[in-house]
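Asks: predicted model follows, preceded by the sequence.
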Amino acid sequence: MVIKKERIFYYDVLRAIAIIAVICCHVGRYANPSNVGLIKVPFVTLHYFGLVGVPIFFMISGALLLNREYTLSDFFKRRFSRIIYPFIFWVSLIMIFGLFYFDWSYAHAWKVFTGNPSILWYIWALIGVYLFIPVINSFLREYGLKGLEYFLIIWFFTIILKSMDSYPLLPYLDLNYFTSFIGYVILGYYLDNKKFNLKDSTICIIGVVVFLISLITIVVGIMKLGYHMLPFYENVLHVTLGVGLFLLIKYLGNFNFFNNVKNRVVGKIIISISMCSYGMYYAHYLINQFFNLLHIHSNKLFFVILFLLIILSWILTILISKIPILKKFSGV
């Protein structure tokens, strides 16, 4: 008899928040950029709240995929294939519509495919991370959390240097082995398994404070100082934004905070969005391209467009997953 593994609900909550955050970030173009003053604050805040999506996605991958027993062949067959099949299907769909409906040139289609300019950059980053996960998995099983702490200390040091535009610190001190998105993967596993000598309520408060301070600092920096944090996702504020939200949701789960939610309609919706999140990442980009044809740039329609992007990308992913021959390509 096969025992069905119980879903960890706070993973679903995090994943659902992450995909909605990503869509919030990408729908920002529909707000009128000429608006100034207080009316601009909610749009800017919502847009930069979206920056938490990518770190959370990587962190969940680490929590789910690290410290597991699998051979390389098993990893590529059962885990790596789950991101490759949807990638092939959705990118093919995007390219077909782009070339034959959106009037893309072949040069522009190639740029979209390579992630510049398009959201597909994340998929290429995800593929790179997945290729490295078996190496990190073996390292973790050999050295445990202490080994991860060693990696994370150096990774965070490089993040600080990049945030200060001071990397590399010395010409030949090459720390690229410790940089990029693999740090988020390791951080996700570490936060998920590290036992802190603090009350759960205290960690929740820390999570809220860290998240809010990070978001407020980003928004104020953008609006008042014109400060654009580069390189993208490799700076301290993006890291702390993800850490704050991850800790908050995880330890709310330890409080049984979600027990009254997960078996109700709201909980089923969260689980469904979570399961569809990978497909929704592609679907919302495709739907967004159709919206672009309407040339909408209005604050009055911002939240309508946001709602429609979330709902339509969710429904499209579900519908494709219901077609037997396409289920494994849907991203569900």
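Replies: That came through fine. Numbering: from 1, shown residues only.

Asks: now for whichever strand or helix holds Val54, which elements pack on it?
Replies: Assessed by DSSP states H and E, Val54 sits inside helix 53-65. The helices and strands touching helix 53-65, judged by 3 or more C-beta pairs under 8 Å, 6 or more residues apart in numbering; DSSP states H and E, are helix 9-26, helix 120-163, helix 182-193, helix 236-254. Just so you know, the C-beta spots here come from the backbone N, C-alpha and C atoms, and that holds for glycine as well.

Asks: format the ones you listed as a markdown table; extra columns: mean neighbour count.
Replies: Shown next, in a markdown table, are the helices and strands packed on helix 53-65 (neighbours: other C-beta atoms under 10 Å):
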| stretch | mean neighbour count |
| --- | --- |
| helix 9-26 | 22 |
| helix 120-163 | 16 |
| helix 182-193 | 22 |
| helix 236-254 | 21 |
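
Asks: quick one: closest of the ones you listed to Phe113.
Replies: With C-beta to C-beta as the criterion, Phe113 lies closest to helix 120-163 of those, at 6.5 Å.

Asks: if we look at stretch 173-185, which residues are touching it?
Replies: 54-55, 58-59, 61-62, 65-66, 125-126, 128-129, 132-133, 136, 151-152, 154-159, 162, 167-168, 233-234, 239, 242 (C-beta atoms under 8 Å, 6 or more residues apart in numbering).

Asks: select, out of the helices and strands packed on helix 53-65, the one closest to Val332.
Replies: Closest approach to Val332 among these (C-beta to C-beta): helix 9-26, 12.2 Å.

Asks: check which element follows that closest one along the chain.
Replies: Following helix 9-26 toward the C-terminus (DSSP H and E): helix 40-49.

Asks: now that next one: how far from the chain's centre is it?
Replies: Put simply, helix 40-49 sits 18 Å off its chain's centre (C-alpha atoms, centre = their mean, to the nearest Å).

Asks: give me the buried positions along that helix.
Replies: 40, 43-49 (16 or more other C-beta atoms under 10 Å).

Asks: for the helix or strand hosting Val220, what is the average pLDDT?
Replies: Per DSSP H and E, Val220 falls inside helix 200-225. Here helix 200-225 scores 90 as its mean pLDDT.

Asks: stretch 168-185 now?
Replies: For stretch 168-185, mean pLDDT rounds to 86.

Asks: likewise stretch 112-120?
Replies: 87.

Asks: next, the buried residues of it.
Replies: Buried residues in stretch 112-120 (16+ other C-beta under 10 Å): 112-113, 118-120.

Asks: name the surrounding residues that touch that stretch.
Replies: Contacts for stretch 112-120 (C-beta under 8 Å, 6+ apart): 22, 26, 91, 94-95, 98, 104, 111, 121-124, 281, 285.

Asks: for Glu149, which residues are in contact?
Replies: Applying C-beta under 8 Å, 6+ apart, we find Glu149 in contact with Tyr190.

Asks: what do you get if the cut-off is 6 Å, keeping everything else the same?
Replies: Applying C-beta atoms under 6 Å, 6 or more residues apart in numbering to Glu149 gives no contacts.

Asks: so where's the stretch 201-332 of the chain uncertain?
Replies: For the stretch 201-332 of the chain, the stretches with pLDDT under 70 are 226-231, 296-299.

Asks: so what pLDDT did Phe102 get?
Replies: In this model, Phe102 is scored at 89, pLDDT.

Asks: what does Gly50 give?
Replies: 89.

Asks: number of residues surrounding it?
Replies: Using other C-beta atoms under 10 Å, Gly50 has 19 other residues around it.

Asks: ditto for Leu198
Replies: 12.

Asks: check Asn256 too.
Replies: Neighbourhood size, Asn256 [other C-beta under 10 Å]: 8.

Asks: where's it, which helix or strand?
Replies: Here Asn256 is assigned to no helix or strand, by DSSP H and E.

Asks: I'd like the distance between it and Leu215.
Replies: 27 Å (C-beta to C-beta, to the nearest Å).

Asks: now Leu248
Replies: Distance, Leu248 to Leu215, by C-beta to C-beta: 12 Å.

Asks: just Pro168 next, same as before
Replies: From Pro168 to Leu215 the distance is 29 Å (C-beta to C-beta).

Asks: quick one: which of these two has more around it?
Replies: Taking other C-beta under 10 Å, Pro168 and Leu215 do not tie; Leu215 has more neighbours (20 against 13).

Asks: against Asn235, how distant is the more buried one?
Replies: With C-beta to C-beta as the criterion, Leu215 and Asn235 are 14 Å apart.

Asks: Ser321 now?
Replies: Taking C-beta to C-beta, one finds Ser321 at 36 Å from Asn235.
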